[in-house]
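return atomic coordinates for the entry below.
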Amino acid sequence: MIQNTIVAEASILLRGATHARPKLDTGFDGRSALLFFGILAFGLFFIAYSLYVDMTESGVPSTSWLPFVLLGVALFIALGFEFVNGFHDTANAVATVIYTHSLPAHAAVVWSGVFNFLGVMASSGAVAYGIIALLPVELILQVGSGAGFAMVFALLIGAIIWNLGTWYLGLPASSSHTLIGSIIGVGLANQLMAISGGASGVDWAQASKVGYSLLLSPLIGFCAAALLLLTLKVVARRPELYQEPKTAAPPPLWIRGLLILTCTGVSFAHGSNDGQKGMGLIMLILIGVAPTAYALNRSMPDRDVAPFVTTSTYAAQALDRNAAGRTVQDPRRVVGDYLRTRQAGADLVPALAQLSRSIGIQVQQYGSLRRLPQEIVQNVRNDMYLTAEALRRFGKEPVAASMTKADLDLMNLYRKELEGATRFIPTWVKVAVAIALGLGTMVGWKRIVVTVGEKIGKSHLTYAQGASAEMVAAVTIAAADVYGLPVSTTQVLSSGVAGTMAAGRSGLQAATVRNLLMAWVLTLPAAILLSGGLFWVFIKVF
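Sure thing, here's the model as predicted:
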């Protein structure tokens, strides 16, 4: 083992002597530091001002200071997760342009930070609420309770601890993988701690969907990047593309432009996908502390209320036709039990009909989501959430077999309108996450960059290898964003670099590959144990 380590270190030193290693140790000057802290101060002011405006306009009562202290702490932790995510994951995006000398190190991280910011601002929100769907349903419905805060704190702090640990060791572990593990840990702990056995655990159907995307994305990255490199060798017969940089001089202009373009694409795609994970959790926090302001989409135009009420009425009528005249005592409990157990009984259809009718009547009575009284906002939001989640699975259930295609299409339309009323991201939340992720990109990037640039392959990264890995990563992450699937920038890009090294016959450093695989394998159980244990501790505190 000692002999292998000495040989590996000697080979790195030899490479450094024959090929120009980029300068990674130059620090920010005073102006850069001033800009960094200026943006940070602006972000904090913008968050505070936006919260004040939203709560003032919605008439949130200030009867107690404790929820707002919890809100501040929770937002700080959530944005801290995105900050760590920035320097942990985005370092992968800049490694190729730095090690091909396409951009100086600090210019690269600033460039990447800017496009991470823009990616967050352009995101759709689909990934954000896909993450939330993994959480236990009763904790989502009661997120403002002590258990709800314990859930949010446990999964965020657990994810941050593991991310910081792997970053310190220079291991490109996946922040997405870590967050999913933290959510599973909270769900399992919630189920194990329930004395009555009535609590839900993990939505394994949704978790498996997310798991497949996390499992397949690195395989896609490895194979696709390798194939792209082999294709380039056939199409672009330029020897300089496949040679290690001999000096610190930038590559030819067209190669440099291609590498910067792929870095830009990965950074933008990373922001649009990974940035949403923090957004979803921040929305849960806001809904729990200030439901009047954030439980429902208050920006929905009044002109959209009448069509929404009409769709609610038609959906209730269609469900009534298939309810065989049945009614239920507590429709909310029936639908909640269905979401927890995935067992669709005969009471599900009439329960959904009653909830749909109730939602339509209450929105019609007040004429706007903004004018709903404070005391019923949370209940209306919960009814909308339960109904939308049930309708998302409803078409596959035997109880829906008797419904016509037109009725099922109506259910799908109604679900989308319910999601439009409950699944939204305020602009200031996007700005806050974008600033946290963008600034995080500019801090602490060096450890992961060195691993990706020097320790995966046995030779220096070539121009073609860097471009192939980043192009595949950008396309894969962007495609996952379209379908609302969380994927790992770390896994896709690291495996892409490994794929190009294998295809280019550069060889792989076994020790680094082994460490990467160990990090990927251990991330899930470690995050589960961390967040589950923290949830148990916090549930006692809150």
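
what ranges does the protein have for its strands?
Counting by DSSP state E, one finds no strands in the chain.

can you point out the buried residues in the longest helix belonging to it?
Longest helix in the chain, counting residues (DSSP state H): helix 253-289. Buried residues in helix 253-289, counting neighbours by 16 or more other CB atoms under 10 Å, are found at 255-256, 258-289. All C-beta spots, glycine's among them, are computed from the backbone N, C-alpha and C.

what's the spacing between it and its chain's center?
How far helix 253-289 lies from its chain's middle: 9 Å, per CA atoms, centre = their mean, to the nearest Å.

and what of stretch 508-515?
Using CA atoms, centre = their mean, the offset of stretch 508-515 from its chain centre is 28 Å.

CA atoms only: put it into CSV for me.
Coordinates of each C-alpha in stretch 508-515 appear next as CSV, following Å, rounded to 0.1, in the frame of the first residue of the first chain:
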residue,chain,number,x,y,z
LEU,A,508,-7.8,5.5,-14.3
GLN,A,509,-6.2,5.9,-10.8
ALA,A,510,-7.6,3.0,-8.9
ALA,A,511,-7.3,4.6,-5.5
THR,A,512,-9.4,7.7,-6.5
VAL,A,513,-12.0,5.6,-8.3
ARG,A,514,-12.3,3.3,-5.3
ASN,A,515,-12.7,6.4,-3.0
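
buried set for that stretch?
Buried-residue list, stretch 508-515, by 16+ other CB under 10 Å: L508, Q509, T512, V513, N515.

could you do stretch 31-44 as well?
For stretch 31-44, by 16+ other CB under 10 Å, it's F36, I39, G43.

same deal with stretch 311-329?
Buried, per 16+ other CB under 10 Å, within stretch 311-329: T311, S312, T313, Y314, A315, A316, A318, L319, D320, N322, A323, V328.

next one: stretch 339-347
L339, R340, A344, D347.

pretty sure the second one is touching V137, no?
Yes. Taking contacts as CB atoms under 8 Å, R340 lies within contact range of V137: 5.9 Å.

filter the buried residues of stretch 339-347 down to the ones in helices?
Those of the buried residues of stretch 339-347 lying in helices (DSSP H): L339, R340.

now tabulate the buried residues of stretch 339-347 in JSON lines and tack on distance to F424.
JSON lines is the format used below for the buried residues of stretch 339-347 (distance: CB to CB, whole Å):
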{"residue": "L339", "distance to F424": "21"}
{"residue": "R340", "distance to F424": "25"}
{"residue": "A344", "distance to F424": "28"}
{"residue": "D347", "distance to F424": "31"}
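
and which of the buried residues of stretch 339-347 is nearest to Y483?
L339 (22.4 Å; CB to CB).

for that closest one, which non-adjacent residue is spatially closest?
In space, and not counting its chain neighbours, L339 is closest to V137: 4.7 Å by CB to CB, 6 or more residues apart in numbering.

who's in contact with the one you found?
By CB atoms under 8 Å, 6 or more residues apart in numbering, V137 lies in contact with S200, G336, L339, R340, L386, E389.

care to break the chain down by domain?
2-48+66-194+203-294+425-541, 302-422 (automatic domain parsing).

just name the most buried of the ones you listed.
Stretch with highest mean neighbour count among the domains of the chain: domain 2-48+66-194+203-294+425-541 (a mean of 21; mean count of other CB atoms under 10 Å).

now that one, how far from the centre of its chain.
10 Å.

cool, stretch 331-346 as well?
Worked out by CA atoms, centre = their mean, stretch 331-346 lies 28 Å from the chain centre.

same check, this time on stretch 328-335
Using CA atoms, centre = their mean, the offset of stretch 328-335 from its chain centre is 32 Å.

cool, and stretch 325-333?
36 Å.

quick revisit: could you find the lowest-pLDDT member of the contacts of V137?
Among the contacts of V137, S200 carries the weakest pLDDT, at 53.
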